[in-house]
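# Attaching a predicted model along with its sequence, questions to come.
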Amino acid sequence: MSSICIVGTGYVGLSVGACFADLGHSVTCLDIDQSKVESLRKGHIPIYEPGLTSLVQRNVAAGRLSFSSNYTTSVPNREFVFIAVDTPTGAAGEANLSAVESAAISLASSLTPETIIVTKSTVPIGTGDLITRLVHEHRTDSGQFPVVSNPEFQREGTAVQDFLHPDRVVIGSTDTIAANRLAELYRSFNCPVIVTDLRTAEMIKYASNAFLATRISFINEIAAICEALGADIETVSNGMGLDKRVGPGYLDAGIGWGGSCFPKDVRALEHMGSVHGAHPQLLRAVMEINRDARRAAVRKLRQALGDLRTRRIAIFGLSFKPNTDDVRDAPAIEIAHLLTGEGATVHAYDPVATEKAKLELGDSVEFFSSPMEAAIGADAVVLATEWNEFRDLDWAEVLNTMRGDVLVDGRNLHEPDRMTDLGYRYFSMGRTDTNGQVDGKPGNDHA
Ligand SMILES: NC(=O)c1ccc[n+]([C@@H]2O[C@H](COP(=O)([O-])OP(=O)(O)OC[C@H]3O[C@@H](n4cnc5c(N)ncnc54)[C@H](O)[C@@H]3O)[C@@H](O)[C@H]2O)c1
């Protein structure tokens with residue numbers, strides 16, 4: 001069994017650390033945020049991630065998992081030090097590497113022989129070389145430490161299962177011994193292990209995320225054309241996805257992608273490509289279509305209600321997707337900003353993300369502890385996150401509670417006929433719902 005330090009105890013660091021501990025390794029999760037470390041030590045898990053609380057508690061109790069904010073006690077004599085700090089968007093769209101650089105500098109002087117540095121964070125191509133240089137510069141001896149890229153592909157909401165049952169493990173290093181030692185850590189995993197060079201491994205992560213975002217933007221572009229011409233995106237998507245060459249994943253039309261990864265990674269890849277002389281115009285279009293998808297929800301509200309200035313709009317769902325409390329770059333947050341910008345009053349409800357959304361939205365919107373309360377007096381509801389709770393809601397009762405009758409279903413969660421029968425003016429994304437305006441001409445009619 002190995003001895004591991006994970007630097008950065010956020011969504012990735014905590015779940016990766018807890019999973020490695022559950023596999024029997026000895027793990028310390030380190031973070032500069034001392035209040036986070038203190039609260040983890042008290043058994044409080046600062047994020048909502050299904051299955052994580054029990055996993056952490058079980059491994060802390062077994063003595064395999066601990067938390068620290070001290071590099072000098074946590075880094076020495078580890079076989080692996082993983083860097084899992086945040087890499088947010090910088091001012092020009094680039095990945096901001098200040099946390100990675102600071103982590104590399106902080107751990108440098110505490111490294112002991114045989115330790116392998118592993119990058120779990122999503123980092124721009126060439127960052128492995130940067131870490132090697134920083135570590136070298138911040139040591140008094142000439143010790144060399146291999147840096148291996150091992151990008152993480154887990155999704156929030158299913159992080160534990162995704163980590164333990166990945167489709168593949170990617171390991172990037174030209175140091176064969178280091179790559180093999182890291183591969184050994186994943187020996188019990190029943191999946192292909194790709195061993196390649198550092199830069200290629202770093203690129204696999206960006207290319208994967210950019211491709212998934214592209215699929216969603218693609219289907220949203222098709223949805224907009226469906227809407228204009230009276231076709232149904234749900235059936236189109238199903239008809240496409242059944243083709244084995246296409247596959248069904250990431251073909252759900254709606255108000256677009258968000259979260260802590262796709263937006264920043266597509267931007268960073270576009271930036272990297274641009275500054276190095278490539279012309280990543282597809283990535284630019286992918287981002288532009290995503291902006292349009294979010295604005296489409298507001299356009300539909302205007303179409304139904306006219307001027308939004310005196311209107312009261314309830315937003316159901318604030319996290320960027322269900323089963324997480326992460327609201328970073330969530331479509332719902334941008335839609336709330338757009339609506340308040342137009343002078344509307346916004347009521348917001350989310351089953352788990354309210355506290356994090358308050359940090360983003362402050363008192364510009366009113367938060368409620370149930371969808372029914374948020375719906376009181378609303379002219380319209382925007383369904384922004386496909387939480388299961390919103391599938392099973394008593395939508396007749398929601399309508400009774402509202403002042404108006406408009407439902408903008410940003411995730412195509414409901415059947416248009418059912419919602420219309422209940423009495424809603426129902427708008428969804430790329431479907432032939434009752435409010436779609438189709439000009440009746442064939443699509444190739446230029447008249
Ligand atoms: N969130 C995901 O689902 C996901 C999935 C795959 C990859 N990633 C990538 O993993 C990385 C981490 O993402 P996240 O969502 O876990 O971020 P996060 O913001 O949730 O967590 C980052 C943590 O690192 C800590 N930190 C920052 N600087 C530090 C330092 N110098 N020393 C010690 N700790 C420090 C922060 O306090 C924070 O707790 C990013 O590069 C992200 O792109 C994220």
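Looks like it arrived, so ask away.

# Residue 199 - nearest residue in space that isn't next to it in sequence?
The shortest distance from residue 199 to any residue other than its chain neighbours is 4.9 Å, reached at residue 125 (C-beta to C-beta, 6 or more residues apart in numbering). The way it works is simple: take the backbone N, C-alpha and C, and place the C-beta from them, glycine included.

# And residue 88, by the same measure?
residue 96 (5.2 Å).

# Tell me how many other residues crowd that neighbour.
Neighbour count of residue 96, defined by other C-beta atoms under 10 Å: 16.

# quick one on the thing from earlier: pretty sure the residue nearest to residue 199 sits in a strand.
No. Secondary structure of residue 125 (DSSP: H, G, I helix; E, B strand; the rest coil): coil, not part of a strand.

# separation between residue 395 and residue 28?
Computed as C-beta to C-beta, to the nearest Å, the residue 395 to residue 28 distance reads 48 Å.

# which outside residues touch the strand or helix carrying residue 339?
In this structure, residue 339 sits in helix 331-341 according to DSSP states H and E. Residues from elsewhere that reach helix 331-341, judged by C-beta atoms under 8 Å, 6 or more residues apart in numbering: 255-258, 293-295, 297-298, 301, 308, 313, 315, 317-320, 327, 346, 348, 350, 357, 360-361, 364-365, 382, 384-385, 410.

# In ChimeraX, how would I select the buried members of the residues you listed?
Buried residues among the contacts of helix 331-341 (16 or more other C-beta atoms under 10 Å), as a ChimeraX selection:
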select :255,256,257,258,293,294,295,297,298,301,308,313,315,317,318,319,320,327,346,348,350,357,360,361,365,382,384,385,410
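
# among the contacts of helix 331-341, which are in helices?
Of the positions in these, 293, 294, 295, 297, 298, 301, 357, 360, 361 sit in helices, assigned by DSSP state H.

# who's in contact with whichever residue of the chain sits closest to the ligand?
Distance from the ligand to each residue of the chain (C-beta to the nearest ligand atom) is smallest for residue 10, at 1.7 Å. Contact analysis of residue 10 by C-beta under 8 Å, 6+ apart lists 31, 47, 84, 85, 86.

# where along the stretch 151-300 of the chain do the strands fall?
Ranges of strands within the stretch 151-300 of the chain are 169-172, 193-196, based on DSSP state E, counting those that start in this stretch.

# export the first one as CSV, just CAs?
In other words, strand 169-172. Once non-C-alpha atoms are left out, strand 169-172 reads as follows in CSV (Å, rounded to 0.1, in the frame of the first residue of the first chain):
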residue,chain,number,x,y,z
VAL,A,169,-6.6,6.0,-16.7
VAL,A,170,-4.2,8.4,-18.4
ILE,A,171,-0.6,8.7,-17.3
GLY,A,172,1.8,11.1,-18.9
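
# Please name every helix or strand in contact with that strand.
Packing partners of strand 169-172 (3 or more C-beta pairs under 8 Å, 6 or more residues apart in numbering; DSSP states H and E): strand 147-149, helix 176-185, strand 193-196, helix 198-229.

# looking at those, which is buried most?
Of all the helices and strands packed on strand 169-172, strand 147-149 has the most neighbours on average by mean count of other C-beta atoms under 10 Å, namely a mean of 26.

# who does that strand touch, helix- and strand-wise?
strand 116-119, helix 127-137, strand 169-172, helix 176-185, helix 198-229.

# Can you lay out those as CSV showing mean pLDDT and distance to the ligand?
Formatted as CSV, the helices and strands packed on strand 147-149 follow (pLDDT from 0 to 100; distance: least, C-beta to the nearest ligand atom, whole Å):
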stretch, mean pLDDT, distance to the ligand
strand 116-119, 98, 9
helix 127-137, 96, 10
strand 169-172, 98, 12
helix 176-185, 97, 17
helix 198-229, 97, 7
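
# I'd like those as TSV, with distance to residue 62 appended.
Below are the helices and strands packed on strand 147-149 laid out as TSV (distance: least, C-beta to C-beta, whole Å):
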stretch	distance to residue 62
strand 116-119	23
helix 127-137	32
strand 169-172	25
helix 176-185	19
helix 198-229	31
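
# quick one: which of those is nearest residue 69?
strand 116-119 (19.0 Å; C-beta to C-beta).

# Can you read off the pLDDT for the residue positioned nearest the centre of the chain?
Of all residues in the chain, the one closest to the mean position by C-alpha atoms, centre = their mean is residue 259, 3.5 Å from it. If you check residue 259, the pLDDT there is 95.

# Could you find the closest non-adjacent residue to residue 53?
Counting by C-beta to C-beta, 6+ apart, the residue nearest residue 53 is residue 45, at 4.8 Å.

# Unless I misread the structure, the one you found falls within a strand.
No. If the criterion is three-state DSSP, then residue 45 is coil and not within a strand.

# follow-up on the earlier one: and which of the ones in helices among the contacts of helix 331-341 is nearest to residue 390?
Out of those, the member with the shortest distance to residue 390 (by C-beta to C-beta) is residue 297, at 14.8 Å.

# So which bits of this protein are right by the ligand?
7-13, 30-33, 36, 84-87, 99, 102-103, 106, 121-122, 152, 154, 156, 260-261 (C-beta under 6 Å from any ligand atom).

# Among those residues, which are located in helices?
Per DSSP H, the residues of the chain next to the ligand map to helices at 11, 12, 13, 36, 99, 102, 103, 106.

# Are any of those residues buried, and if so which?
Buried among those (16+ other C-beta under 10 Å): 11, 12, 13, 36, 99, 103, 106.
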